[in-house]
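S.K.: no letters, just coordinates:
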């Protein structure tokens, strides 16, 4: 069995290097960052000023982005981004082979939140993200009518000799900390965040319980597991330089359930394989030219090839 793995695309149409494959795996970020991306880069540069400082309030993103685009302009940018993501999935669907996906943080698939003032303090900021990460499916505007696209977000698919399960959206470690660099958190807030984190884990574990226990599991996660060789930011210009920004949910899943492989992305600076407590972890990389080929035999990994 051969799986073609496509990395984070951000609106770029993938170039297929490996022509011989049985299925496609893509861990998200199909939608374009062409228009909104430069604004986000300025935002991250702005955030770097606050790195390591304790603040009473999280910096206002909406206020910041308003300097560069109106709310109407942002909505139109999001529509165009979504349309480009749809084009990419239509292209992958056209191969007539199963395509297993999770949504990335650019794919406008977040769940709802009741938090009104997200930037009030560190608790509201973190709680809003925990709610967003509970989004139960990839945006229907991306997948509707594409019969070969299999949404793995909190879902398990039984394919040939494998279970394939997914967890997307995450853009950083989800597990709460007792203290945050931005703002102060009360003990009761930490308890609420712990409950929100357990909800994420429970939702994924509930899907995993439906597996065929006689078959191995492939775990597809938008973000690679936390504290590995493929989740550390090496870009010195980033506010997260030298930090591990992987998913703690993905790490916990791998440690508890031992999938035969974990396939993720999100951290664009890596395109390689590492191992975490016996589980092979593949960072699928970034860009149109990047391909990975995973070859299995009798339910086990036979070979992994990287291109780009």
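M.R.: Right, received. Where do you want to start? Because the structure is a prediction, the values reported are computed rather than measured.
S.K.: tell me the buried residues in stretch 115-123?
M.R.: For stretch 115-123, burial by neighbour count (16 or more other C-beta atoms under 10 Å) applies to 115, 118-119, 121-123. From N, CA and C alone the C-beta is placed, and that goes for glycine too.
S.K.: for residue 273, state which of these is nearest.
M.R.: residue 122 (34.9 Å; C-beta to C-beta).
S.K.: and the end-to-end length of stretch 209-225?
M.R.: 21 Å (C-alpha to C-alpha, to the nearest Å).
S.K.: next, the buried residues of that stretch.
M.R.: Buried-residue list, stretch 209-225, by 16+ other C-beta under 10 Å: 211, 215-225.
S.K.: related to what we said a few turns ago, in the buried residues of stretch 115-123, find the pair that's most separated.
M.R.: Most distant of the buried residues of stretch 115-123, by C-beta to C-beta, are 115 and 122, 12.1 Å apart.
S.K.: you'd agree residue 101 is up against residue 85?
M.R.: No. Residue 101 is beyond contact range of residue 85, at 10.6 Å (criterion: C-beta atoms under 8 Å).
S.K.: shared neighbours of those two, anything?
M.R.: Overlap between the contact sets of residue 101 and residue 85, as judged by C-beta atoms under 8 Å, 6 or more residues apart in numbering, is given by residue 30.
S.K.: list the buried residues for stretch 240-250?
M.R.: Quick answer for stretch 240-250 (16+ other C-beta under 10 Å): 240, 244-250.
S.K.: hang on, the earlier thing: tell me the two of the buried residues of stretch 209-225 that are most distant?
M.R.: Going by C-beta to C-beta, the pair spanning those furthest: 215 and 223, at 24.9 Å.
S.K.: residue 218 reaches residue 257, doesn't it?
M.R.: No. In this structure residue 218 lies outside contact range of residue 257 using C-beta under 8 Å: 11.4 Å.
S.K.: end to end on stretch 63-79, go ahead and measure it.
M.R.: 21 Å.
S.K.: how close does residue 124 get to residue 13?
M.R.: 38 Å (C-beta to C-beta, to the nearest Å).
S.K.: so these two - more neighbours on which side?
M.R.: Legend: neighbour count by other C-beta atoms under 10 Å for residue 124 and residue 13, higher for residue 124 (19 against 11).
S.K.: what about the more buried one, which SS state?
M.R.: Using DSSP: H, G, I helix; E, B strand; the rest coil, the structure places residue 124 in helix.
S.K.: let me see the contact set for the residue nearest to the spatial centre of the chain.
M.R.: Nearest residue to the geometric centre of the chain (C-alpha atoms, centre = their mean): residue 222, 2.5 Å. For residue 222, the contacting residues are 27-29, 102-105, 167-170, 247, 264-266, by C-beta under 8 Å, 6+ apart.
S.K.: hmm, try it at 7 Å
M.R.: When contacts are counted by C-beta atoms under 7 Å, 6 or more residues apart in numbering, residue 222 touches 27-28, 102-105, 168-170, 264-266.
S.K.: just the ones of these in helices?
M.R.: Of the contacts of residue 222, none are assigned to helices by DSSP state H.
S.K.: reformat those residues into CSV and put neighbour count next to each item.
M.R.: Output for the contacts of residue 222, formatted as CSV (neighbours: other C-beta atoms under 10 Å):
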residue, neighbour count
27, 30
28, 33
102, 30
103, 29
104, 28
105, 22
168, 29
169, 29
170, 28
264, 33
265, 30
266, 31
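S.K.: now intersect those with the strands, please.
M.R.: The members of the contacts of residue 222 that map onto strands under DSSP state E are 264-265.
S.K.: so which of the contacts of residue 222 is the closest to residue 21?
M.R.: For the contacts of residue 222, the nearest to residue 21 is residue 27 (16.0 Å; C-beta to C-beta).
S.K.: tell me how far the closest one lies from residue 186.
M.R.: In terms of C-beta to C-beta, residue 27 sits 35 Å off from residue 186.
S.K.: now do residue 91
M.R.: 49 Å.
S.K.: out of those two, which sits in the busier spot?
M.R.: More crowded of residue 91 and residue 186, by other C-beta under 10 Å: residue 91, with 14 against 11.
S.K.: could I get the buried residue list for the helix or strand harbouring that one?
M.R.: Residue 91 belongs to helix 71-93 when assigned by DSSP states H and E. Residues of helix 71-93 classed as buried: 74, 77-78, 80-82, 84-86, 88-89, 92-93 (neighbour count, 16+ other C-beta under 10 Å).
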